[in-house]
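> Prediction below, plus the sequence it came from.
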Amino acid sequence: MTGRRAGAALALGFLLAGTRLRAQPEVLALDDEVRVRRQDGPRARAAGRSLAGANAAVELSAFRGETVAFQVALIAGPAPVNAGTVSVAPFAPAGAGAPRAELFREHTVPVTARSRNEARPAESLGWDPGARPDDAAVLGDLPDALIPLALDVSPIDPPPLARPGGVAAFWVDVVVPEEAFPGDYAAPAEVIADGATVARFTVRVHVAGAPLPFRATSVFAYYEPARLASRLGDRDAAERQLWQLLHAHRIDALAPLADPAEARRLADAYSGALFTAQAGYRGPGAGLAPAVAAIGTYGSLGDPTPAALAAVDAIATQLRPTVADLFLYAVDEQCDSPRAADWTRALAGRPQSRGVAVGQTCGREPARQAAAIALIPAGAFGWRSPRAAAAAGKRAWIYNGHLPQTGTLMLDADPRGLIANGWIAAAAAIERWFYWETTFWDDDNPGGHGAIDPFATAESFHNRDGDSALGDGLLVYPGRQVGRFAAHSLEFTGVLPSIRLKAIRRGIEDAGIIALALRDQPAAAARIVAAAIPAVLDEAPAGRPPSWTTFGAARGSLRALVTSTSALDGRAVRSCFLDLRDRRHPPPKPRPWPIAPAAAILAVLIAGFLVARFRRI
């Protein structure tokens, strides 16, 4: 009996141990293109790589100055996980150029309704009906806001971290400094759940010798200082941090600039001084000024009155020395307005405003616009738009996004579309890409529904035309909320990034990799890009989903083409992209004269010569 009891006890011990093992959360590594909801355990398992085992590792490749990212998914067992975190130790070999990790917790927001038009539910500001992403991919608890692990998330994300069988995800940015030495770096990492270590792994980064161009493709995005003041309480500190955050993601912030005092307040941003170590900045593009700025955004200066012209003169005098493209934003989406023409005439011949071009947002062909810079909506932008603009002595830029022609800003769409936009900008040699807003927390358009708490409400935009949109104009989240939403304040004076902001950065960086590959092996690089985005802009079939899928394999193939370790400046990058566009869409050749008319003209000339000859005789 004693032996039987001992055997039974041993069997029970094994059973209980097995139950504990099965109850331990699963830990998986995911790339930065996969977005997993709280209920997406099966998808995470299919897309991820287990971090169990002694030799578990995350392998990354990067150029100098590049930020590469991955995610850690924690899937709870039968019991919930109440608290958890990820840590990454310093990289070795150590030094000023060693990579560093920035860690975030992914916050989810419930998505129960889709971006839509009330009269046409399958259509939205972000897509044609046939390109509408499936409900099955986006309904549920969808992640977007990224909360630094140093912040207390309990005001917006109380326990549990993951319900039984549910997913909690962490985002890891590995920032490779521009001064990094080429070679291999490694850092130990671990995942802790409810006080216990559930995974240990190594993060390995292979750094290639070439520096990544900082601004391979130009992106700029608008914000409103008044929103920062009303939501966070401290406009100046939040504004500086917003500029630095966007710059670290290779995006230029676009301020309203209707008053010279605004330009003076932001002088260190427009000079590039805000992006230096002395100003507390750590990231790529140190000391570089913005490439683009707008005066009187969204037509806020109105007509070119003497007071408005004086404001333009004062702002231009201050910004012109450092900002490459300075334009007067005459009017927004009112193609029939005379303001662009009025401003063009008013600025002509004014030495104080020399170099200030007039721009407007309008979907018409550039040749039919009075503005020198036509900001064309993504759904109307075509492969020939830049050439058509140049033929008319103008420039064509693109703004926002629309499926299936480009990626879209909408939260209820795959963020890989925003990565695709970087590839599209490179392939079509698009000069600049404009995103209309980053801080649209107040839904105060005509027809808007009022301020929202973006940590709790996904539907952020409404208008008088019956459009409802999720996350539109909202690429960053408020770190502090005063007043009505104070209960959901994280007590951080600044804004927090989003998964969609990271996707835009990934696309800009991919454009830099495309440029490096084009320099070294242009034909092979062009084939890879064409295969990755087979039908975009006006080539995209109407009523169909977008043509791209994933970019990881294509990105790896492009990396393998880069052999040179020298830097590539902006002019060389532009030349690479123009050549890439010409390979895909060759410029029209001059039409030869038809043979018959040419022969007739020649005969007339000969006859005329003979007649004149005989008359002299």
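Arrived safely. Residues are numbered from 1 along each chain as shown.

> Show me what counts as buried in the strand ranked longest in the chain.
If you go by DSSP state E, the chain has its longest strand at strand 196-211. Neighbour-count burial for strand 196-211 flags V198, A199, F201, T202, V203, R204, V205, V207, A208, A210, P211 (criterion: 16 or more other CB atoms under 10 Å). Where C-beta positions appear, they are placed from N, C-alpha and C, glycine not excepted.

> tell me the contacts of the closest residue to the fourth one other than its chain neighbours?
Once its chain neighbours are removed from consideration, T202 has its nearest residue in A57; the separation is 4.4 Å (CB to CB, 6 or more residues apart in numbering). For A57, the contacting residues are F201, T202, V203, R204, by CB atoms under 8 Å, 6 or more residues apart in numbering.

> Can you read off the pLDDT for A57?
Note for A57: predicted pLDDT of 98.

> returning to what we had before: so after the longest strand of the chain, what's the next helix or strand?
For strand 196-211, the following helix or strand on the C-terminal side (DSSP states H and E) is strand 218-222.

> can I get the CA coordinates of that following strand in PDB?
Presented in PDB, the C-alpha positions along strand 218-222 are these (Å, rounded to 0.1, in the frame of the first residue of the first chain):
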ATOM      1  CA  SER A 218       9.700  63.700 -47.500                       C
ATOM      2  CA  VAL A 219       6.700  63.400 -45.200                       C
ATOM      3  CA  PHE A 220       5.100  66.200 -43.300                       C
ATOM      4  CA  ALA A 221       2.100  66.200 -40.900                       C
ATOM      5  CA  TYR A 222       0.000  69.000 -39.400                       C
END
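
> pretty sure A255 is in contact with G296, am I right?
No - between A255 and G296 there is no contact under CB atoms under 8 Å: 11.0 Å.

> Tell me what the closest residue in space to T361 that isn't next to it in sequence is bridged to.
What sits nearest to T361 in space, not counting adjacent residues and going by CB to CB, 6+ apart, is L375, at 4.5 Å. Beta bridges link L375 to T361, W397, judged by DSSP bridges.

> Low-confidence bits of this protein, can you list those?
1-22, 590-617 (pLDDT under 70).

> nearest to A486, of the buried residues of strand 196-211?
V198 (34.9 Å; CB to CB).

> dump the residue contacts of that closest one.
V198 touches Q24, P25, V27, L74, V191, I192, counting by CB under 8 Å, 6+ apart.

> And A98, by the same measure?
Applying CB under 8 Å, 6+ apart, the residues contacting A98 are P90, F91, A92, P177, A180, Y185.

> Let me have those in JSON lines, extended by secondary structure and distance to A535.
As requested, the contacts of A98 are arranged in JSON lines below (DSSP: H, G, I helix; E, B strand; the rest coil; distance: CB to CB, whole Å):
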{"residue": "P90", "secondary structure": "coil", "distance to A535": "45"}
{"residue": "F91", "secondary structure": "coil", "distance to A535": "41"}
{"residue": "A92", "secondary structure": "strand", "distance to A535": "45"}
{"residue": "P177", "secondary structure": "coil", "distance to A535": "38"}
{"residue": "A180", "secondary structure": "coil", "distance to A535": "37"}
{"residue": "Y185", "secondary structure": "strand", "distance to A535": "39"}
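
> Could you chop this protein up by domain?
22-210, 218-581 (automatic domain parsing).

> distance between the ends of the longest one?
Same thing as domain 218-581. 17 Å (CA to CA, to the nearest Å).

> Are any of the contacts of A98 buried, and if so which?
Looks like these have F91, P177, A180, Y185 buried, using 16+ other CB under 10 Å.

> between the residues you listed, which is closest to P366?
P177 (40.2 Å).

> The closest one contacts A62, correct?
No - contact criterion CB under 8 Å: P177 and A62 do not qualify, at 10.4 Å.

> Find residues that contact each of these two.
P99.

> tell me the contacts of the nearest residue to G494 once chain neighbours are set aside?
Nearest non-adjacent residue to G494, counting by CB to CB, 6+ apart: Q241, 3.6 Å away. With contact set as CB under 8 Å, 6+ apart, Q241 has these partners: T493, G494, V495.

> and which of the residues you listed is nearest E33?
Looking across these and measuring by CB to CB, the closest to E33 is V495, at 23.7 Å.

> send the alpha carbons of the longest strand of the chain over as CSV?
C-alpha atoms of strand 196-211 as CSV (Å, rounded to 0.1, in the frame of the first residue of the first chain):
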residue,chain,number,x,y,z
ALA,A,196,8.0,35.3,-12.8
THR,A,197,10.4,35.1,-15.8
VAL,A,198,8.5,33.3,-18.6
ALA,A,199,11.0,33.8,-21.4
ARG,A,200,14.7,34.7,-21.8
PHE,A,201,16.1,35.5,-25.3
THR,A,202,18.8,37.4,-27.1
VAL,A,203,18.3,40.4,-29.4
ARG,A,204,20.9,40.3,-32.1
VAL,A,205,21.4,43.2,-34.6
HIS,A,206,23.7,43.1,-37.6
VAL,A,207,24.6,46.6,-38.6
ALA,A,208,25.7,47.2,-42.2
GLY,A,209,28.2,49.8,-43.2
ALA,A,210,26.1,52.2,-45.2
PRO,A,211,24.3,55.1,-43.5
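
> No more questions from me, cheers.
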